[in-house]
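Undergrad: Test case, fold it:
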Amino acid sequence: MPVSGIEAFRFDDRRVLVVGGATGMGAAAAKTAGALGAEVTVMDHAPVDYPVSSAIEVDLRDRGAVDRALAQVRGPLHAVFSAAGVADGTPGLMKINFIGHRHIIERMVNDDVLVSGSAVCMVSSVAGLGWESQIPTLLDFLATPDYESADAWIQSHPDTDTYGFSKQVMNCYVARQSYPLLRKGIRINAICPGPTDTPLARANAETWLTYAQDYRDATGTGHLTAEEIATTMAFLNSEAAAGISGVNLLVDRGHFMSSVTGSWEPGARMISMLLNRS
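TA: Coordinates of the predicted model:
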């Protein structure tokens with residue numbers, strides 16, 4: 001029977017996996033899910049320094065390491081938070097930002113670890129907006145059947161091992177997988193956060209945290225927090241969002257929509273360039 005009311009937002013008697021849960025948005029998502037009653041498992045290359053049900057070390061750049069980590073996950077799982085990500089210039093970026101995540105999700109689906117009624121939320125970015133104009137290229141990449149062929153595709157296509165491409169691919173993947181996964185009773189969504197105060201963002205503050213500063217000044221708002229992103233992810237993975245799938249949800253305090261409609265005029269030209277990039 002469907003859960004209703006406030007209970008639909010909770011994770012009591014549910015197991016969740018957070019990939020990239022040591023710091024930042026992933027850590028906030030793990031803590032939020034735990035506070036809502038979940039049994040939380042975290043996978044990360046970095047150590048986890050807060051209480052969880054289990055912590056599993058993994059290097060998403062190594063398929064063998066990913067498979068060994070998956071062997072330690074106790075099912076059934078009811079939610080996955082795909083939060084691991086790195087910035088441009090990091091070796092193996094696409095493996096960390098997307099290929100490893102896809103491998104984990106599809107292994108758990110194929111092995112019936114993710115059960116009917118479960119949900120996946122991936123962390124994309126406003127950097128992935130405009131993906132619709134790149135659908136043929138993105139689908140060509142997504143046609144790769146496994147971890148190794150996906151990596152080979154990236155190696156054979158210059159300028160695709162990038163942060164922006166990883167987020168465009170993620171947005172396309174979420175939209176494309178909504179139908180086949182829902183046939184198995186599984187929902188999938190992504191969030192596209194605007195500038196958020198996390199350790200990764202602070203390490204790239206000159207480009208990441210300065211973006212849309214004029215909009216924040218004009219609206220009297222600050223950077224998003226990891227906790228604000230986490231509560232949105234928890235909602236999307238909860239039964240309260242049972243009707244939502246295949247969505248790349250903007251979480252940017254209205255910056256993009258205000259810009260694309262022209263009510264925030266300084267952003268209009270930038271958004272036009274973003275949506276029409278080749």
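Undergrad: ok, and the closest non-adjacent residue to residue 174?
TA: residue 190 (4.5 Å; CB to CB, 6 or more residues apart in numbering). Where C-beta positions appear, they are placed from N, C-alpha and C, glycine not excepted.
Undergrad: in a strand, that's where that neighbour is, yeah?
TA: Yes: counting by DSSP: H, G, I helix; E, B strand; the rest coil, one finds residue 190 located in a strand.
Undergrad: Double-check it against residue 249; I have them as touching.
TA: Yes: here residue 190 reaches residue 249: they are 7.0 Å apart, a contact under CB atoms under 8 Å.
Undergrad: Of those two, which one has the most company?
TA: Of the pair residue 190 and residue 249, residue 190 is the one with more neighbours under other CB atoms under 10 Å, namely 24 against 19.
Undergrad: which residues touch the more buried one?
TA: Contacts for residue 190 were tallied using CB atoms under 8 Å, 6 or more residues apart in numbering; they are 121-124, 170-171, 174, 247-249.
Undergrad: at 7 Å instead, please
TA: Contact partners of residue 190, counting by CB atoms under 7 Å, 6 or more residues apart in numbering, are 121-122, 124, 170-171, 174, 248.
Undergrad: so what pLDDT did it get?
TA: Looking at residue 190, its pLDDT reads 98.
Undergrad: again, but for residue 1
TA: Predicted confidence (pLDDT) for residue 1: 56.
Undergrad: what does residue 199 give?
TA: According to the predicted model, the pLDDT of residue 199 comes to 89.
Undergrad: cool, and residue 277?
TA: In this model, residue 277 is scored at 56, pLDDT.
Undergrad: Flag the shaky bits of the stretch 1-150 of the chain, pLDDT-wise.
TA: Scanning the stretch 1-150 of the chain for pLDDT under 70 picks out 1-2, 4.
Undergrad: can you rerun that using 80?
TA: Along the stretch 1-150 of the chain, the model assigns pLDDT under 80 to residues 1-4.
Undergrad: ok, and the closest non-adjacent residue to residue 107?
TA: residue 70 (5.6 Å).
Undergrad: My guess is that neighbour contacts residue 109. True?
TA: No: in this structure residue 70 lies outside contact range of residue 109 using CB atoms under 7 Å: 11.8 Å.
Undergrad: residues making contact with the top helix by length along the chain?
TA: The longest helix of the chain (DSSP state H) is helix 163-182. If you take CB under 7 Å, 6+ apart as the criterion, helix 163-182 is touched by 87-88, 93-94, 97-98, 102, 109, 122, 124-125, 127-128, 131, 134-135, 138-139, 141-142, 187-190, 245-246, 248.
Undergrad: So for that helix, mean pLDDT?
TA: Rounded mean pLDDT across helix 163-182 is 98.
Undergrad: list the buried ones in it?
TA: Within helix 163-182, the residues that count as buried by 16 or more other CB atoms under 10 Å are 163-178, 181.
Undergrad: repeat for stretch 116-128
TA: Across stretch 116-128, burial judged by 16+ other CB under 10 Å covers 117-128.
Undergrad: for that stretch, the distance to its chain's centre please.
TA: 4 Å (CA atoms, centre = their mean, to the nearest Å).
Undergrad: Please apply the same query to stretch 8-20.
TA: Chain-centre distance of stretch 8-20: 15 Å, with CA atoms, centre = their mean.
Undergrad: Mind listing residues that contact it?
TA: For stretch 8-20, the external contacting residues (CB under 7 Å, 6+ apart) are 26, 29-30, 33, 36-44, 73-74, 76-85, 101, 104, 235, 238-240.
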